[in-house]
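> What follows is a predicted structure for the sequence shown.
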Amino acid sequence: MDCLGSSLLHPPFREINFSVIGQYVDYLVEEQGVKNIFVNGTTGEGLSLSISERRRVAEEWVTKGRNKLDQIVIHVGALSLKESQELAQHAAEIGADGIAVIAPFFLKPWNKDVLINFLKEVAAAAPALPFYYYHIPALTGVKIRAEEVLGGIQEKIPTFQGLKFSDTDLLDFGQCVDQNRQRQFAFLFGVDEQLLSALVMGATGAVGSTYNYLGKKTNQMLEAFERKDFSSALNHQFCIQRFINFVVKLGFGVSQTKAIMTLVSGIPMGPPRLPLQKASREFTDNAEAKLRSLDFLSFNDLKDGNLGACS
Ligand SMILES: CC(=O)N[C@@H]([C@@H](O)[C@H](O)[C@H](O)CO)[C@@H](O)CC(=O)C(=O)O
């Protein structure tokens, strides 16, 4: 199973600092073992960027990632169908490997057919690019079950390649896999703290914010799962959970992800864009202490005697 964790982009804000994207690519590949990238998604604040910024960010990742990354999927979802189509076309022109689209979330589709009609129009703007539906109901407010959306989707969208599932409903996720076993769909799971459960259900990959800095750790879990060493895989997942559980209690989201990524990688991610607020110093200090106690900041340099360590 090709199941490397993909990473999300943090454009270094408030004005985008394009100059660090090359360094970012190298960091992900060399330090985290992440070679598949999902650009302009939730963590990358794609919906807070202007269309021209989104185009530029996508171009920069494709250019800097050439011959280094395996897959670059660009999120092109937008409230305006026209803008979404423009971004889809642009992704094809610059040589991206795929596009993904969330459900429009202001004037919302009220049933599966309406949602698929929207997705179909976007996919048609890039007829040669693999298409992913990005299911993230907690943020879009579109609660149509992914399992329903997948029913017959390939007949409507011939380029349909798979699902990026960012929700905790494992019944829905499991049924997406179960009902489409004969098809070669990709099932990319997006709740990092539950990835192992999703692998058991048939996830073929993962897209998540924490792979930016826990990519290496997550790859260890994927490798253990692959060799059917479920006890090790569970240990890795529990370690990751210990960290996520800790930061969730402090208040964890896109801003905090940026702060942690800056801390771990040394690459300045910059503050988030309004309406998000920069993570507090207190958060960063606490997160750093936790990362250290779990040995997540020193993979190659394990400290003796750290009983809580996870490496
Ligand atoms: C709501 C949210 O931001 N979810 C994250 C997760 O990676 C999440 O940060 C992680 O599981 C910790 O809860 C991803 O699913 C988001 C994502 O894939 C994206 O940035 O497009």
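Nice, thanks for sending it over. Keep in mind it's a predicted model, so treat the numbers as computed, not measured.
> Could you pull up phi and psi at the residue lying closest to His135 once chain neighbours are set aside?
Leaving aside its sequence neighbours, His135 sits nearest to Ala146 (CB to CB, 6 or more residues apart in numbering; 4.4 Å). Any C-beta I mention is one placed from the backbone N, CA and C, and that applies to glycine too. Dihedral angles of Ala146 (phi, psi; degrees, to the nearest 10) stand at phi -60, psi -40.
> Contact partners for Ala146?
Tyr133, His135, Leu163, Phe165, Asp167, Asp172, Phe173, Cys176 (CB atoms under 8 Å, 6 or more residues apart in numbering).
> Next: Pro272.
By CB under 8 Å, 6+ apart, the residues touching Pro272 are Phe13, Glu45, Ser48, Val254, Ser255, Lys258, Lys278.
> Filter these down to the buried ones and hand me the ChimeraX line.
To isolate the buried subset of those in ChimeraX, counting by 16 or more other CB atoms under 10 Å, use the following:
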select :13,45,48,254,255,258
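> farthest-separated two in the contacts of Pro272?
Spatial extent of the contacts of Pro272 (CB to CB) is set by the pair Ser48 and Lys278 at 14.0 Å.
> can I assume Gln179 is in contact with Arg145?
No. In this structure Gln179 lies outside contact range of Arg145 using CB atoms under 8 Å: 11.2 Å.
> What helix or strand is the nearest residue to Ala125 once chain neighbours are set aside located in?
In this structure, Ala125 finds its nearest non-sequential neighbour in Gln85, 3.8 Å apart by CB to CB, 6+ apart. Gln85 is part of helix 81-94 when elements are defined by DSSP states H and E.
> in its sheet, what does the helix or strand just after that helix sit against?
Using DSSP H and E, the helix or strand that follows helix 81-94 in sequence is strand 98-102. Partner strands and pairing direction for strand 98-102 (DSSP bridges) are strand 71-75 (parallel), strand 131-135 (parallel).
> Report the separation between Ala224 and Leu234.
Here the criterion is CB to CB, to the nearest Å. By it, Ala224 lies 8 Å from Leu234.
> Have a look at the two and say which one is more surrounded.
Ala224 (19 against 14; other CB atoms under 10 Å).
> Would you agree that one is in contact with Ser232?
Yes. With contacts counted by CB under 8 Å, Ala224 reaches Ser232, the gap being 3.9 Å.
> For Phe165, grab phi and psi.
According to degrees, to the nearest 10, Phe165 has phi -110, psi 100.
> Specify the beta-bridge partners of it.
His135, Phe189.
> okay, the angle between the one helix or strand Thr63 maps to and strand 98-102?
In this assignment (DSSP H and E), Thr63 forms part of helix 51-65. Note on geometry: by axes from the mean of the first three to the mean of the last three CA atoms, to 10 degrees, helix 51-65 and strand 98-102 are set 140 degrees apart in direction.
> Which residues in helix 51-65 does the neighbour count mark as buried?
Result for helix 51-65 [16+ other CB under 10 Å]: buried residues Ile51, Glu53, Arg54, Arg55, Val57, Ala58, Glu59, Glu60, Trp61, Val62, Lys64, Gly65.
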